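Participant: pasting the structure only:
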């Protein structure tokens, strides 16, 4: 594993909802060109952590920095402009628009801003990257499930983010689609993108992640390569309960 | 972006229609002119309302607040020796400022909360003006100018042209695209890097400024104005109904609703002067249930059916 410069770092990031501590004192770094898996059982705070990074939620305490600059006080729009883009756990497309217009939204307003023919050309390149260029003029209502996920991914890529957040992007796919999905993310990884993925699919975690952070009940309980963390007794206990450890 | 052939065609067609409309006073028919003013006034109000509410789906019932603000700006301005023409830009600025304040305070609200707030705002402004007049001992204000009905009509047509050009320009701009994204999914808009509050407030300011200028232009027609007239909530409702009847999906949509509804409203007011509110409510229900996307939706689904039929033939 190469250790490039740190792109994103969380220090003591905490999110409380009333008495519930959803994310408790999270510390971790993501280095350039790294694929970091954020894993853990349901309700362990993975998506909340992602929401803190993307600005959908503000941390109660702690700081999140992008290349050394704190971003945790910024709005989601500002964070997106600084170069952090995300997909949503439940796919969110723009229902009144075509596939191309959906992707253009990322190209026009994201980290790198384009307009007019340049934005369209860029959006088409992103559609080609996810294998959807032939459906550019289709209405998003006509798409299959995996294709809606591809559109969302293309929209996010179109903003040329420095850090890509994928929230269970592979969830809900059938075996064939899953294979296509993993291949697609592998290609992004090979392009040297910096990615944080929240994921449940173990095959994907093993084949895609350089490093994993494991969460349980809001806390970080392990960090390391996928092999290391998946054989960690505490991680096994968190997933399966005491008896199986 | 460059202009396409169809852009030029639409602009030419609009210019011709506007020129034809401008000839209405030549008929010399005072009743026709009076209806022409009402149609032009609602066309501007409904179109500028739809510029904001069409893409964002925020239903504003504050039109009367901006309209009344403009009416009073002109009335008070003229009373204090200002030239009528100076009061128009002042009204536009005041309308934009009020819209910005309302926007900052309320655009975080969504759905029915926003609707109720805007309705309440119009009522609040009316009460404040009434209170101000009670304190100063005045009942209403006289607006005495040498501006005739024909002048008002032509001014409204010019304003309509400006509103259409503005709407067309916004539709092709980043701002217009941002508003469509906001209307589709505000969460996606925010996470795509759009400053959603700023985009919404900017458009609300355009809409508010326009309504205020319409109020200014209409002030000389009323001659005597009082809060109940200038801030009538009926105006806000009529604008919403007409815009929805026409359809907010296209720039020309509201106009298609304004013309038939103004004529219908004239007939209702003349034949059932005591049941206007009841009939207004009924027409609202009929439109929302039978024509949820307005005439624009009807025309477009008709076009689609035609195309499908041709494909099968």
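Facilitator: Yes, it's here. Computed from a predicted structure; not experimentally measured.
Participant: Please list the residues of chain A that sit near chain B.
Facilitator: Listed as neighbours of chain B in chain A under the rule CB under 8 Å from any CB of the partner chain: A:54-56, A:75-78, A:80-81, A:85-86, A:88, A:92-97, A:104-106, A:108-111, A:113, A:115-117, A:155, A:159. Placement of C-beta: from N, CA and C, glycine included.
Participant: Write a PyMOL command that selects only the buried members of those residues.
Facilitator: The following PyMOL line selects those of the residues of chain A next to chain B that are buried, judged by 16 or more other CB atoms under 10 Å in any protein chain shown:
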select buried, chain A and resi 54+55+56+75+76+77+80+81+85+86+88+92+93+94+96+97+104+105+106+108+109+110+111+155+159
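Participant: Do you have the strands of chain A handy? List them.
Facilitator: Counting by DSSP state E, chain A has strands at residues A:6-17, A:20-31, A:35-39, A:61-66, A:69-70, A:84-86, A:163-167, A:194-198, A:211-216, A:219-224.
Participant: So in chain A, where's the weakest helix or strand by average pLDDT?
Facilitator: helix A:233-240 (a mean of 86; mean pLDDT, DSSP states H and E).
Participant: Would you mind listing the outside residues contacting that helix?
Facilitator: Identification of contacts with helix A:233-240 by CB atoms under 8 Å, 6 or more residues apart in numbering or on different chains yields A:40-41, A:44, A:214, A:216, A:221-222, A:229, A:244-245.
Participant: which one's the longest helix in chain A?
Facilitator: helix A:175-190 (DSSP state H).
Participant: quick one: buried residues of that helix?
Facilitator: Neighbour-count burial for helix A:175-190 [16+ other CB under 10 Å]: A:177-178, A:181-182, A:184-185, A:188-189.
Participant: Export those residues to a markdown table and append columns for pLDDT.
Facilitator: Formatted as a markdown table, these follow (pLDDT from 0 to 100):
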| residue | pLDDT |
| --- | --- |
| A:177 | 89 |
| A:178 | 90 |
| A:181 | 90 |
| A:182 | 92 |
| A:184 | 91 |
| A:185 | 91 |
| A:188 | 91 |
| A:189 | 89 |
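Participant: follow-up on the earlier one: let me have the contacts of helix A:233-240 in TSV, adding neighbour count and pLDDT as columns.
Facilitator: Output for the contacts of helix A:233-240, formatted as TSV (neighbours: other CB atoms under 10 Å in any protein chain shown; pLDDT from 0 to 100):
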residue	neighbour count	pLDDT
A:40	26	91
A:41	16	90
A:44	23	91
A:214	25	94
A:216	19	92
A:221	17	93
A:222	20	93
A:229	22	91
A:244	8	51
A:245	12	45
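Participant: Any residues of chain B in contact with chain A? List them.
Facilitator: Neighbours of chain A within chain B, by CB under 8 Å from any CB: B:1, B:174, B:177-178, B:180-181, B:183-185, B:187-196.
Participant: among these, which ones are buried?
Facilitator: Buried, going by 16+ other CB under 10 Å: B:174, B:177-178, B:180-181, B:183-185, B:188-196, out of the residues of chain B next to chain A.
Participant: hang on, residue B:204 packs against residue B:60?
Facilitator: Yes - contact criterion CB atoms under 8 Å: residue B:204 and residue B:60 qualify, at 7.4 Å.
Participant: joint contacts of these two?
Facilitator: Going by CB under 8 Å, 6+ apart, residues that sit against residue B:204 and also against residue B:60 are residue B:52.
Participant: Could you grab the helix/strand/coil label for the residue of the stretch 201-313 of chain B found nearest chain A?
Facilitator: Nearest to chain A, among the residues of the stretch 201-313 of chain B, is residue B:249, at 9.1 Å (CB to the nearest CB). The local conformation at residue B:249, judged by DSSP: H, G, I helix; E, B strand; the rest coil, is coil.
Participant: Over to the one 10 residues further on?
Facilitator: Here residue B:259 takes the helix state, with states given by three-state DSSP.
Participant: Surely it and residue B:39 touch.
Facilitator: Yes - with contact defined as CB under 8 Å, residue B:259 and residue B:39 form a contacting pair (5.9 Å).
Participant: which one of the two has more residues nearby?
Facilitator: More crowded of residue B:259 and residue B:39, by other CB atoms under 10 Å in any protein chain shown: residue B:39, with 23 against 15.
Participant: For that one, which residues are in contact?
Facilitator: Contacts of residue B:39 (CB under 8 Å, 6+ apart): B:258-259, B:262.
Participant: same question, residue B:305
Facilitator: So residue B:305 contacts nothing (CB under 8 Å, 6+ apart).
Participant: which element is it on?
Facilitator: Per DSSP states H and E, residue B:305 falls inside helix B:294-312.
Participant: Just the mean pLDDT for that helix, thanks.
Facilitator: Helix B:294-312 comes out with an average pLDDT of 80.
Participant: ditto for stretch B:103-120
Facilitator: The predicted model assigns stretch B:103-120 a mean pLDDT of 84.
Participant: List of residues touching that stretch?
Facilitator: Outside stretch B:103-120, the residues within contact range by CB under 8 Å, 6+ apart are B:58-62, B:65, B:102, B:186, B:197, B:200-201, B:204-205, B:233, B:236.
Participant: mind running it again at 7 Å?
Facilitator: The contact list for stretch B:103-120 (CB atoms under 7 Å, 6 or more residues apart in numbering or on different chains) reads B:58-62, B:197, B:200-201, B:204, B:233.
Participant: For ChimeraX, write the select line for the buried members of these.
Facilitator: Restricted to buried positions by 16+ other CB under 10 Å, the ChimeraX selection for those reads:
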select /B:58,59,60,61,62,197,200,201,204
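Participant: got the contacts of stretch B:103-120 as CSV, with secondary structure and pLDDT columns?
Facilitator: Shown next, in CSV, are the contacts of stretch B:103-120 (DSSP: H, G, I helix; E, B strand; the rest coil; pLDDT from 0 to 100):
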residue, secondary structure, pLDDT
B:58, coil, 88
B:59, coil, 90
B:60, coil, 92
B:61, coil, 93
B:62, coil, 93
B:197, helix, 90
B:200, helix, 92
B:201, helix, 93
B:204, helix, 94
B:233, helix, 89
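Participant: In the contacts of stretch B:103-120, find the pair that's most separated.
Facilitator: By the measure CB to CB, those have their two most distant members at B:197 and B:233, which lie 26.7 Å apart.
Participant: Retrieve the pLDDT associated with the residue nearest in space to the middle of chain B.
Facilitator: The centre of chain B sits closest to residue B:45, judged by CA atoms, centre = their mean, with a distance of 1.7 Å. In this model, residue B:45 is scored at 97, pLDDT.
Participant: Next, the contact list for residue 168, please.
Facilitator: In the absence of a named chain, this looks at chain A. Per CB under 7 Å, 6+ apart, neighbours of residue A:168: A:89, A:198-200.
Participant: could you do chain B instead?
Facilitator: Contacts of residue B:168 by CB under 7 Å, 6+ apart are residue B:251.
Participant: how much space between it and residue B:13?
Facilitator: 13 Å (CB to CB, to the nearest Å).
Participant: Which members of the residues of chain A next to chain B occur in helices, if any?
Facilitator: A:54, A:76-78, A:80-81, A:104-106, A:108-109, A:116-117, A:155.
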